[in-house]
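Trainee: Sequence first, then the predicted structure:
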Amino acid sequence: MKVLIIGGGLSGICLGHTFLNKGVDFKILDAGINHSSKIAAGMINPMVFRKMVKTWKGDELIPFLNAFYPSIEEKIGAKFFFPRKIRRVFSTQDELDKWNQRLNDKDYEDYIYAFDDSDPTPEYAINEFGSGWVKSPGYIDAKIFVRENQRYFINKGKMITESFDFGKFDSDNKTYKDEKYTHFIFSEGYKAVENPYFKYLPFVLTKGEVLSIKNDELRKDEILNRKCFVLPAQDGSFKIGSTFEWNTTDASPSEGAKEQLLEQYGLLVRSPVSVIDQEAGIRPTVADRRPLIGIHPEKESVYIFNGMGTKGYMLAPYFANELYHYLVNDTPLNTEVDIKRFYRKHYNKA
Ligand SMILES: Cc1cc2nc3c(=O)[nH]c(=O)nc-3n(C[C@H](O)[C@H](O)[C@H](O)COP(=O)(O)OP(=O)(O)OC[C@H]3O[C@@H](n4cnc5c(N)ncnc54)[C@H](O)[C@@H]3O)c2cc1C
């Protein structure tokens, strides 16, 4: 088995580590144009606040990532996974009522808990309906994660900075630039919409923007959340995010997103900020909000590992492992992530 992974963002990195751990021969090509994994806030949030329910597959994803990321930190000798709980400030009475229901539900006891008076909501938070804690395992510092993992794979001779050239790919003979591989796995993030083998899949890309701000008053030991998040970064700044804009692949920061984020921040925090940076990225999101994993309908060596959407840092480690077992042990993929779900409706054999 010899695998070529195209794309060295979060998805390609998780595949790389999974293959390395299992002794699979692989190489990663990365074009050096990352517009999502590096920009992400990297927050691991086990709750979906809109409906006040647990995130999809959270019970399996969280224990998996809790073991995966520290093991990579140790392997590559870099720290990027930082524990932080999330303080959710409620938006409405209805949200508070739903929260209280969950507090009495045993299924949620690993994820949320009520406040006690020993740690009251800070004065600067606008807190009309009360708040509660989410036991998040923390967040990944995305810049450190991408930079250090790419450096690790490059130093090991496992990653090359190069854009995949479709003209030099022979999917029938299973060669790229005349070199033979058994599997080609495309993990190009939003660039998949230009991939001749997978552009038929129903990507619904979403641009996202985050601000970096300075504020010495805010607490550095928690993530504050309502309408936006305020996340303490390692360099003493805070990230405010993030926006959602559909139908664009323009990854440049916009004045509109900055205004929107500052307005949302103003509804959560009464303490002025100075903006020190603004970044934008494109999330590889999918019509049904599930990853896109599996084999091309007609090409037996061509695979995709993509569609990690808004929660890539939760999903990618677990599903990299699932893809490995699919390739090596023939273990079926979860039907909710397998791209076979789109063969009939979206694959046009023209
Ligand atoms: C503003 C913002 C905030 C976010 N916040 C969070 C968060 O808090 N928590 C969370 O879990 N997720 C978050 N995400 C989502 C997360 O970033 C994505 O799910 C994840 O990073 C997707 O990773 P990927 O590797 O699939 O894609 P990408 O990060 O896009 O990586 C694709 C890689 O493929 C390479 N590539 C593309 N085409 C080619 C080619 N032809 N040849 C070679 N290489 C190629 C690129 O150089 C790139 O490095 C956020 C995203 C954004 C934009």
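Mentor: Perfect, I can see it now.
Trainee: Check which helix or strand the most centrally placed residue in the chain maps to.
Mentor: Centroid check for the chain by Cα atoms, centre = their mean gives Gly312 as the closest residue, at 2.1 Å. According to DSSP states H and E, Gly312 maps onto helix 312-329.
Trainee: Not counting its neighbours along the chain, what's nearest the residue in the stretch 151-300 of the chain positioned nearest to the ligand?
Mentor: Nearest to the ligand, among the residues of the stretch 151-300 of the chain, is Gly189, at 2.1 Å (Cβ to the nearest ligand atom). All C-beta atoms are positioned from the backbone trio N, CA, C, and that covers glycine. Excluding its sequence neighbours, the residue lying closest to Gly189 (Cβ to Cβ, 6 or more residues apart in numbering) is Pro284, at 4.8 Å.
Trainee: correct me, but the one you found touches Val204?
Mentor: No - here Pro284 does not reach Val204: they are 9.6 Å apart, not a contact under Cβ atoms under 8 Å.
Trainee: These two - which one has more neighbours?
Mentor: Per other Cβ atoms under 10 Å, whichever of Pro284 and Val204 has more neighbours is Pro284, with 30 against 15.
Trainee: mind listing what's buried in stretch 231-244?
Mentor: Neighbour-count burial for stretch 231-244 flags 231-233, 237-243 (criterion: 16 or more other Cβ atoms under 10 Å).
Trainee: pLDDT on it, on average?
Mentor: Regarding stretch 231-244, the rounded mean pLDDT is 94.
Trainee: Just the endpoints, please. Distance across it?
Mentor: 18 Å (Cα to Cα, to the nearest Å).
Trainee: re earlier: from Glu255, how far off is the residue nearest to the centre of the chain?
Mentor: 27 Å (Cβ to Cβ, to the nearest Å).
Trainee: and if you look at Gly281?
Mentor: Gly281 sits 17 Å away from Glu255, going by Cβ to Cβ.
Trainee: Comparing these two, which residue is more hemmed in?
Mentor: More neighbours surround Gly281 than the other of Gly281 and Glu255, with 22 against 8 (other Cβ under 10 Å).
Trainee: Does the more buried one lie in a helix or a strand, and which?
Mentor: strand 274-283.
Trainee: Now do that strand against helix 312-329, angle only.
Mentor: On the basis of axes from the mean of the first three to the mean of the last three Cα atoms, to 10 degrees, strand 274-283 is oriented at 30 degrees to helix 312-329.
Trainee: Please determine whether strand 274-283 lies in contact with the ligand.
Mentor: Yes - under the criterion of Cβ under 6 Å from any ligand atom, the ligand is reached by strand 274-283 at 281, 283.
Trainee: still on that earlier bit, contacts with the ligand among the buried residues of stretch 231-244, please.
Mentor: Okay, of the buried residues of stretch 231-244 touching the ligand (Cβ under 6 Å from any ligand atom), that's 241-242.
Trainee: Spit out the contact partners of the residue of the stretch 251-350 of the chain at minimum distance from the ligand.
Mentor: At 2.2 Å from the ligand, Gly312 is the closest residue in the stretch 251-350 of the chain, using Cβ to the nearest ligand atom. By Cβ atoms under 8 Å, 6 or more residues apart in numbering, the contact set of Gly312 is 10-11, 36-37, 40, 283-284.
Trainee: Keep only those of those residues that are in strands.
Mentor: Using DSSP state E, the subset of the contacts of Gly312 located in strands is Arg283.
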